[in-house]
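J.: quick one: sequence and predicted model below, then my questions.
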Amino acid sequence: MLHFLAKRLPSVALMLVVTAVIAFLLPRLGGGDPAQVVAGSDATAEQVQAIREQMGLDRPLPVQFAEWVGQVATGDLGTSLISNRPVAQLIGARLGSTLELAVTATALMIVMGLGLGILAGITRKGAPRALLDGAISVLLATPPHVTGLILILIFGITWRLMPITGEVSVFDDPVRGFSYLIMPAFALALPQAAMIARLVDARMAQVRQEEFVDLAVAKGVPPRRILLSHVLRNSLGTAVIATGIRIGEILAGAVVIEAIFARQGLGMLAVTSISSRDYEVVQIIVLFAVVIAVLVHFASEILLAALDPRIRLDG
Amino acid sequence: MSANDTHPHHPAGRRPRISAGTARYLGAFRTPRGMIGGGLLLVMLLAALLAPVIFPGGVDMQTRENFQPPSLIHPFGTDEYGRDIFVRCIYALRISLSLVLVAVPLAMALGILMGLSGAVSRRLGEVCQRIFDIILGFPSLVLGICIVVAIGAGWLALAITILVFSLPQFGRLARGALLTEQTREYVLAAQVLGVPKRKVMTRHILPNTLDPLLVQASLSMIAGIFAEAALSIVGLGIQPPTPSLGTLLNVGIRYVYAQPMYTAGPIIMLLLLALAFNLIADALNAAVLNAKRT
């Protein structure tokens, strides 16, 4: 296991460093002089210069970078130059909404992905197979924002079953909260679930060709048991790793889904911050989104290695 | 021309071989899937190109009434200023198609270069693979956000986002083809006969990478079209009032009760584009597999 960790760590570390550098550079790439913003539009050149020195913006970039990483690592996420509020506070206010959405979507993704995948895996021929194949292909090809808009048109406009925009926290009012949550969560989860289903299906077909399945059939093991303890068990590793990757995509997809369904989450905060050039906020959201995606991916690889000795002992 | 003297004479010669390859790709468009997909794309391309001729009134021509329901004159109805939504959707195709038709071929060319760079120096090849890993590690939209912040929202930022994002797929496919073709007998034979390295690459390895890359190109076009929509919906792509499928949806979703077609129209266009490129990818894939079998 240690060997496996040692092999994977460099690429994870590289990814984290690249992300940190990009996040650090974002406000500088975005143009506009932070010192000028703080000083206001009618400040004199000397005042701007004084503020620049006070903020440490006159020092070399590597020094500023090291300082910034130190601050973020110790929990100081900086202050928004636009609203003058701590970034941590701004993010904290929006975190709940996005977490509700992401957790619901992830749960839906796992349930639907495994369900559809296993269903497709045991349906090998005929019309049901073609139907499942078609459904998975269509879901796979339709990204969350298009899925979300189609859901709005069907369930929100044509049938008027669901509220289409706004939100209520599930902790304040579970029933109404979920009625606002269900469509955006489905929109986020469906394409990712289809991806997992496709992988589980393909893996099951592959495992069926293995010799130990033939052996089990020859020994007279009942088909049900072959399916559950031979085929399925050896196919789930794929699902685990796929889930890890997909969680990152769900977080990123939340940006557009929140905009479409007018939910006041982190994605919406990122979008409004970019429009108002509040790059100190954007920087932290980008950093967190990628770090979470990378760490979840890494965690699922560790989990897979723990489940499957071939991976952790290989090379 | 010493290289030519030492090179064995190919029985089929150079010209027929290339045209055979092209014929195979063209043959993909004679299958039902290829015909429907190619036809659909052709119609949309022509509509986008000729939009100023077909609809000389332009995107801003107003009718007397806003939010008219769909009719024969206005197939998708009219928007909040009484402008024809269908006309705006056709003009929007210009943006979507110009984006992917510029960005994806560029990504393909750059991807091939980076993927095949491993043949020049192993180190360079490794570095390119690490770059691809990093790009793929970023959730797609986060990458788009970074690029938008760096160079400002607009056509260019979208094109760069699409380019960067489709790069790894092409690069990995090209490298995969390089690794399998490198050890084939005909490549070794060419090397033994003293064919220069550059020639081995362009004449033997490159043509063999094209099959999977062309299929991937049609799939990347779909991803690119959807990416424009995603970034423009949240206001980080094309800026209103320019009509693009994303900006139309951005405004349309606000009036979804008054005019559902404002949202449904651009969605229909998006799905038609995706369908066309998907069918083309399918047809190309089948043609490539067929050619391998015979």
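T.: Right, received. Where do you want to start?
J.: quick one: B:Val102 from A:Ser235, how far?
T.: With the distance defined as CB to CB, to the nearest Å, B:Val102 ends up 41 Å from A:Ser235. For the C-beta atoms, the positions are set from N, CA and C on the backbone; glycine is no exception.
J.: who has more neighbours, the two?
T.: Using other CB atoms under 10 Å in any protein chain shown, the more surrounded residue of B:Val102 and A:Ser235 is A:Ser235, with 23 against 15.
J.: give me the residue from the stretch 101-250 of chain B nearest chain A.
T.: Closest contact between the stretch 101-250 of chain B and chain A, by CB to the nearest CB, is at B:Pro139 (3.2 Å).
J.: pretty sure that residue sits against A:Ala289.
T.: Yes: counting by CB atoms under 8 Å, B:Pro139 does reach A:Ala289; the two are 6.2 Å apart.
J.: quick one: residues contacting A:Glu167.
T.: Shown in contact with A:Glu167 (CB atoms under 8 Å, 6 or more residues apart in numbering or on different chains): A:97, A:177, A:180-181, A:261-264.
J.: again, 7 Å this time
T.: A:97, A:180, A:263-264 (CB atoms under 7 Å, 6 or more residues apart in numbering or on different chains).
J.: what's it sitting at in phi/psi?
T.: With angles defined as degrees, to the nearest 10, A:Glu167 sits at phi -160, psi 160.
J.: that one and chain B, how far apart?
T.: Here A:Glu167 is placed at a distance of 16 Å from chain B (CB to the nearest CB, to the nearest Å).
J.: so what's the residue count around the residue of the stretch 101-250 of chain B closest to chain A?
T.: Neighbours of B:Pro139 under the rule other CB under 10 Å: 25.
J.: before we move on, could you check phi and psi at it?
T.: Backbone torsions of B:Pro139, given as degrees, to the nearest 10, read phi -60, psi 140.
J.: how about the nearest residue to it, chain neighbours excluded?
T.: Nearest residue to B:Pro139, sequence neighbours excluded (CB to CB, 6 or more residues apart in numbering or on different chains): A:Ala252, at 3.2 Å.
J.: ok, that neighbour touching B:Phe138?
T.: No: with contact defined as CB atoms under 7 Å, A:Ala252 does not count as touching B:Phe138 (8.4 Å).
J.: could you check the pLDDT of residue 104?
T.: Went with chain A since none was named. With respect to pLDDT, A:Thr104 scores 95.
J.: my question was about chain B, not that one.
T.: 97.
J.: equivalent analysis for B:Arg17, please.
T.: 50.
J.: what about B:Gly194, how many neighbours?
T.: By other CB under 10 Å, 11 other residues sit near B:Gly194.
J.: try B:Gly39
T.: Neighbours of B:Gly39 under the rule other CB under 10 Å: 13.
J.: go on, A:Val37?
T.: 18.
J.: excluding chain neighbours, give the residue nearest to it in space.
T.: Excluding the flanking residues, the one nearest A:Val37 by CB to CB, 6+ apart is A:Leu81, at 4.9 Å.
J.: what about that neighbour, how many residues nearby?
T.: Other residues within reach of A:Leu81, judged by other CB under 10 Å, total 19.
J.: which residues are in contact with the residue most central in space within chain B?
T.: For chain B, the residue nearest the mean C-alpha position is B:Met221 (2.7 Å; CA atoms, centre = their mean). Neighbouring residues of B:Met221 by CB under 7 Å, 6+ apart: B:100, B:104, B:277.
J.: just the element for it, please.
T.: helix B:206-233 (DSSP states H and E).
J.: what does chain A have sitting close to chain B?
T.: A:11, A:15, A:18, A:22, A:26, A:29-30, A:141, A:143, A:145-146, A:149-150, A:152-153, A:157, A:164, A:248-249, A:251-253, A:255-256, A:259-260, A:270-271, A:274-275, A:279, A:282, A:286, A:289-290, A:293-294 (CB under 7 Å from any CB of the partner chain).
J.: quick one: the residue of chain A found nearest chain B and B:Phe277, what's the gap?
T.: Using CB to the nearest CB, the single residue of chain A nearest to chain B is A:Ala252, 3.2 Å away. Remark: distance between A:Ala252 and B:Phe277 (CB to CB) = 23 Å.
J.: now do the SS call for B:Gln239.
T.: coil (DSSP: H, G, I helix; E, B strand; the rest coil).
J.: which parts of the chain are helices?
T.: No chain in the question, so chain A it is. With DSSP state H, the ranges of helices along chain A come out as A:2-29, A:34-39, A:45-55, A:61-73, A:87-122, A:126-141, A:144-151, A:174-208, A:211-219, A:223-225, A:233-260, A:266-275, A:279-307, A:309-313.
J.: actually chain B
T.: In chain B, the segments counted as helices under DSSP H are B:2-6, B:14-27, B:32-49, B:51-54, B:85-120, B:122-137, B:140-151, B:155-182, B:185-192, B:197-200, B:206-233, B:245-252, B:260-293.
J.: so which of those helices is the most surrounded?
T.: helix B:245-252 (a mean of 26; mean count of other CB atoms under 10 Å in any protein chain shown).
J.: enumerate every residue touching the residue nearest the centre of chain A.
T.: Nearest to the mean C-alpha position of chain A, by CA atoms, centre = their mean, lies A:Gly248 at 2.4 Å. By CB under 7 Å, 6+ apart, A:Gly248 lies in contact with A:293, A:296-297, B:139.
J.: doesn't B:Leu93 make contact with B:Met44?
T.: Yes: using CB under 7 Å, B:Met44 is in contact with B:Leu93, at 5.7 Å.
J.: mutual contacts of B:Pro139 and A:Ala289, please.
T.: Residues within reach of B:Pro139 and of A:Ala289 at once, by CB under 7 Å, 6+ apart, are A:251-252.
J.: point out the residues in the stretch 1-150 of chain B that sit beside chain A.
T.: Residues of the stretch 1-150 of chain B lying near chain A (CB under 7 Å from any CB): B:133-134, B:137-142, B:145-146, B:148-150.
J.: going by distance to A:Leu303, which of the residues you listed wins?
T.: Among the residues of the stretch 1-150 of chain B next to chain A, B:Gly137 lies closest to A:Leu303 (CB to CB), at 18.3 Å.
J.: quick one: the closest one from A:Ile22, how far?
T.: Going from B:Gly137 to A:Ile22 by CB to CB gives 11 Å.
J.: swap in A:Asp214?
T.: Noted for A:Asp214: a distance of 50 Å to A:Ile22, by CB to CB.
J.: likewise B:Pro139?
T.: Computed with CB to CB, the distance linking B:Pro139 and A:Ile22 is 13 Å.
J.: check B:Thr263 too.
T.: From B:Thr263 across to A:Ile22, the span is 34 Å (CB to CB).
J.: do you know the pLDDT at the nearest residue to B:Ile131 once chain neighbours are set aside?
T.: Nearest residue to B:Ile131, sequence neighbours excluded (CB to CB, 6+ apart): B:Met114, at 7.4 Å. Note on B:Met114: pLDDT of 93.
J.: I'd like to know how many residues surround A:Arg59.
T.: 12.
J.: list phi and psi for it.
T.: Main-chain dihedrals, A:Arg59, degrees, to the nearest 10: phi -80, psi 170.
J.: so what's the residue nearest to A:Gln47 when sequence neighbours are not counted up against?
T.: Of all residues not flanking A:Gln47 in the chain, A:Ala39 sits nearest, at 5.3 Å (CB to CB, 6+ apart). Applying CB under 7 Å, 6+ apart to A:Ala39 gives the contacts A:47-48, A:51.
J.: A:Ala39 and A:Arg59, how far apart?
T.: The span separating A:Ala39 from A:Arg59 equals 18 Å under the rule CB to CB.
J.: now residue 267, nearest residue through space, not along the chain?
T.: Defaulting to chain A. Distances taken as CB to CB, 6+ apart put A:Val255 closest to A:Gly267, at 3.5 Å, once the chain neighbours are dropped.
J.: correction: the question concerned chain B.
T.: Excluding its sequence neighbours, the residue lying closest to B:Ile267 (CB to CB, 6+ apart) is A:Leu149, at 5.7 Å.
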